[in-house]
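> one predicted model, sequence on top.
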Amino acid sequence: MNPHRLIVSAVVATGSSVVTYAAPFELPSLPYGYDALEPFIGKTTLLTHHLKHHAKYVATANTLIESGSALLKNLSQEQIMTAVSSGVELHTENVGLFNNVAQSWNHNFYWHSMKPGGGGKPRGLLADKIEKDFGSYDKLMGEIEKAAMTTFGSGWAWLGFDKKSQKLVVTKTTGAGNPLTDGITPMLTIDVWEHAYYLDYQERRQNYVNAFFAELVNWDFAESNFIAATANDTGETEEL
Amino acid sequence: MSKLTFILSALMAGSASAFSMTMKAQSGSNLRREILQKGAAIATAAAVPAAAKAYSVPDLNYPFEALEPYIDAPTMKIHHDKHHATYVANINKATEGKEEVDIVALQLNALEAGPAVRNNGGGHYNHAFFWDEMAPPDEAKKTKPSPALEAAINKSFGSLDEMKAAFEARAAPGALFGSGWVWICVSGDELKLVGTPNQDNPLMKGVADSVMFPILGLDVWEHAYYLKYQNRRPEYVSNWWNVVNWDKVSENFAYVTEKKAGVPVRG
């Protein structure tokens, strides 16, 4: 299969309410103030996480894209991730390219996965689908908390929609990994790199995970992703 | 019950139960840590007999604040008392009821033994190794590589400065992505620079090109430096040289060169 076709088919498979366009990528703003998630995630954490970590991934991604294959300049972050993980050689530093592009995407998705005054339970279509695929909200919580707690080292835990089985799934990835590359559309994510919680919780990752789901999680965002993913499935496209 | 009332009560029930879960988890883990700390203290105080079944957290050879200003006291305390202690507790659990294996020997087949042994056995060895190769800055600056180590460094890297530069490059966030360690190892009659992910180390078969014997290792997990340096890992790495005890590194070099085996650690 030629790389162009591979990339095009990868794009069609990607459905989410977070969509990026071609490079140079900008550092997206946080959807809330730096102190908006206090006391569960401190202002210093968000400032560092967004303006240092996230910003560095975006800047490095842009630098690599600039010096890589000409093809890269027309691709979205989703396309780059999927292409690289399918083995398309877009840069001599393909792994670094993947890591920085995926971390750019993952962080933006993570910011939206939280909101001030979040928490509670999912509603509507997503709640119905959770009931159907996991048995109950509590069972989903058990699985996703386990994924967040057992990611060893740096990584992410996700709620995703598996297009093939048409089911919601819980998955975890290490480093910059993103479930899109396994045909799973992200609905929600929690960052479990230590930098996401170390200033506020140190080694107590469990307390961070508990606070994330009890106080911050943005189920409306997850539901909008679910609607986008299932709408995409019927041939419609949605770009927000 | 109307749909709205149902949603509202579900929301309230949801947040209430999640909140009580937070409280429970917190007190549970505090208790566990206390037990761990006491267990470690007892094990250390009793001068562990050879037949002891458990791995233990070795006391530091220096106070928590001794590596200031390069590594801060809160970082050292949490790193030692919480992170290292958790690896020790988990490797004891993973090896419970099995024949006792020295922690150095446990590394060789750690990949085959599965994630519990690999991650926690590696975590224990790596941290025990790390504490002992460091010293307070005023002591550290009086140490230097032995003539034999210096010759090996010059042969493999050109000079100590060149080795440090290569080491710092390997430890940069883009080169060692995520959590892991950077090592100087003896491999045959050469020194090799190796980066390993998570708690892997070059004593583990399958991690590097061949099994190698570390003489120097740096923890670049974020928990090793985040409280003081946050995203500035390169600053942590270049500052770290100020607390490297080259006498101990030279001892490590002499040991692995003679024995062709991993350096023993305390605990």
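Perfect, thanks for sending it.

> which residue is the nearest non-sequential neighbour of residue B:190?
Spatially, and ignoring its direct neighbours in sequence, residue B:190 is nearest to residue B:156 (5.2 Å; Cβ to Cβ, 6 or more residues apart in numbering or on different chains). For glycine as for every other residue, the C-beta is placed from the backbone atoms N, C-alpha and C.

> what about that neighbour, neighbour count?
Residue B:156: 18 surrounding residues under other Cβ atoms under 10 Å in any protein chain shown.

> check contacts around it.
Going by Cβ atoms under 8 Å, 6 or more residues apart in numbering or on different chains, residue B:156 touches B:163, B:190-192.

> do the same with residue B:109
Per Cβ under 8 Å, 6+ apart, neighbours of residue B:109: B:204-205.

> now it: how far from chain A?
Look at residue B:109 and chain A: by Cβ to the nearest Cβ, to the nearest Å, they are 19 Å apart.

> phi, psi of residue B:255?
For residue B:255, the backbone dihedrals (degrees, to the nearest 10) come out as phi -60, psi -50.

> over to the closest residue in space to it that isn't next to it in sequence: give its phi and psi.
Of all residues not flanking residue B:255 in the chain, residue B:263 sits nearest, at 5.6 Å (Cβ to Cβ, 6+ apart). With angles defined as degrees, to the nearest 10, residue B:263 sits at phi -70, psi 130.

> lowest average confidence, helix or strand, in the chain?
Defaulting to chain A. helix A:3-12 (a mean of 39; mean pLDDT, DSSP states H and E).

> that was the other one, I meant chain B.
helix B:3-45 (a mean of 36).

> does the residue lying closest to residue A:199 once chain neighbours are set aside belong to a helix or a strand, and which?
Spatial nearest neighbour of residue A:199, chain neighbours left out: residue A:45 (4.8 Å); criterion: Cβ to Cβ, 6+ apart. Element membership for residue A:45 (DSSP states H and E) is helix A:43-48.

> quick one: mean pLDDT over that helix.
Averaged across helix A:43-48, pLDDT comes to 98.

> now stretch B:105-124
According to the model, stretch B:105-124 has a mean pLDDT of 97.

> check which residues of that stretch are buried.
B:106-108, B:110-111, B:113, B:117-124 (16 or more other Cβ atoms under 10 Å in any protein chain shown).

> so how far is residue A:46 from residue B:134?
32 Å (Cβ to Cβ, to the nearest Å).

> for stretch A:113-128, give me every contacting residue.
A:31-32, A:36-37, A:41, A:130, A:137, A:187-190, A:212-223, A:226-227, A:230, B:7, B:10-11, B:14-15, B:18.

> mind listing what's buried along that stretch?
Of the residues in stretch A:113-128, A:113-115, A:118-122, A:126-127 count as buried by neighbour count, 16+ other Cβ under 10 Å.

> can you name the two of those residues that are farthest apart?
Pairwise distances across those (Cβ to Cβ) peak at 18.9 Å, for the pair A:114 and A:127.

> so is the helix or strand just after the least confident helix or strand of chain B next to chain A?
Scanning forward in sequence from helix B:3-45 by DSSP H and E, the next helix or strand is helix B:73-78. Yes: Helix B:73-78 lies within reach of chain A by Cβ under 8 Å from any Cβ of the partner chain, at residue B:78.

> how about the residues of the stretch 101-250 of chain B that lie near chain A?
Within the stretch 101-250 of chain B, the positions near chain A by Cβ under 8 Å from any Cβ are B:115, B:119, B:173-174, B:177-180, B:197-199, B:221-223, B:226-227, B:230-231.

> where does chain A dip in pLDDT?
Residues of chain A that meet the criterion pLDDT under 70 lie in A:1-18, A:232-240.

> which bits of it sit near chain B?
Counting by Cβ under 8 Å from any Cβ, chain A comes close to chain B at A:48, A:52-53, A:56, A:60, A:95-96, A:99, A:119-121, A:123, A:137, A:152-155, A:174-176, A:193-195, A:198-199, A:202-204, A:206-207, A:210-211, A:213-215.

> can you say which of these are buried?
In the residues of chain A next to chain B, burial by neighbour count holds for A:48, A:53, A:56, A:60, A:96, A:99, A:119-121, A:137, A:152-155, A:174-176, A:193-195, A:198-199, A:202-204, A:206-207, A:210-211, A:213-215, counting by 16+ other Cβ under 10 Å.

> tell me the helices and strands packed up against the longest helix anywhere in chain A.
Longest helix of chain A, by residue count under DSSP state H: helix A:94-112. When contacts are defined as 3 or more Cβ pairs under 8 Å, 6 or more residues apart in numbering or on different chains; DSSP states H and E, helix A:94-112 packs onto helix A:55-66, helix A:77-85, strand A:184-191.

> okay, and which of the contacts of residue B:156 map to helices?
Per DSSP H, the contacts of residue B:156 map to helices at residue B:163.

> which members of the contacts of residue B:156 are the farthest-apart pair?
Pairwise over these, using Cβ to Cβ, the maximum falls at B:163 and B:190, 12.2 Å.

> neighbour count winner among the two?
Taking neighbours as other Cβ under 10 Å, residue B:163 and residue B:190 compare with residue B:163 leading, 20 against 12.

> distance of that one relative to residue B:202?
For residue B:163, the distance to residue B:202 - Cβ to Cβ - is 16 Å.

> with residue A:171 instead?
Between residue A:171 and residue B:202 the computed distance is 30 Å (Cβ to Cβ).

> more neighbours: which of the two?
Neighbour totals were compared for residue A:171 and residue B:202, and residue B:202 leads with 26 against 20 (other Cβ under 10 Å).

> how about that one, secondary structure?
coil (DSSP: H, G, I helix; E, B strand; the rest coil).

> touching, it and residue B:196? I think so.
Yes: contact criterion Cβ atoms under 8 Å: residue B:202 and residue B:196 qualify, at 6.5 Å.

> need the overlap of contacts for those two.
Counting by Cβ under 8 Å, 6+ apart, the residues touching both residue B:202 and residue B:196 are B:183, B:208.

> tell me which residue is most central in chain A.
The centroid of chain A falls nearest to residue A:106 when counting by Cα atoms, centre = their mean (3.7 Å).

> what's near enough to touch that one?
Shown in contact with residue A:106 (Cβ under 8 Å, 6+ apart): A:156, A:176, A:178, A:189, A:191.

> let me have those in JSON lines, adding distance to residue A:81 as columns.
JSON lines is the format used below for these (distance: Cβ to Cβ, whole Å):
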{"residue": "A:156", "distance to residue A:81": "13"}
{"residue": "A:176", "distance to residue A:81": "9"}
{"residue": "A:178", "distance to residue A:81": "6"}
{"residue": "A:189", "distance to residue A:81": "14"}
{"residue": "A:191", "distance to residue A:81": "17"}
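
> ranking those residues by neighbours, who comes first?
Using other Cβ under 10 Å as the neighbour criterion, residue A:156 leads the contacts of residue A:106 with 29 neighbours.

> next helix or strand past the helix or strand encompassing that one?
Secondary structure assignment for residue A:156, by DSSP H and E: strand A:155-162. Once strand A:155-162 ends, the next helix or strand along the chain (criterion: DSSP H and E) is strand A:167-174.

> distance between that following strand and the chain's centre?
Mean-position distance between strand A:167-174 and its chain equals 11 Å (Cα atoms, centre = their mean, to the nearest Å).

> how close does residue A:189 get to chain B?
On the measure of Cβ to the nearest Cβ, residue A:189 and chain B end up 16 Å apart.

> doesn't residue A:111 make contact with that residue?
No: taking contacts as Cβ under 8 Å, residue A:189 lies outside contact range of residue A:111: 10.0 Å.
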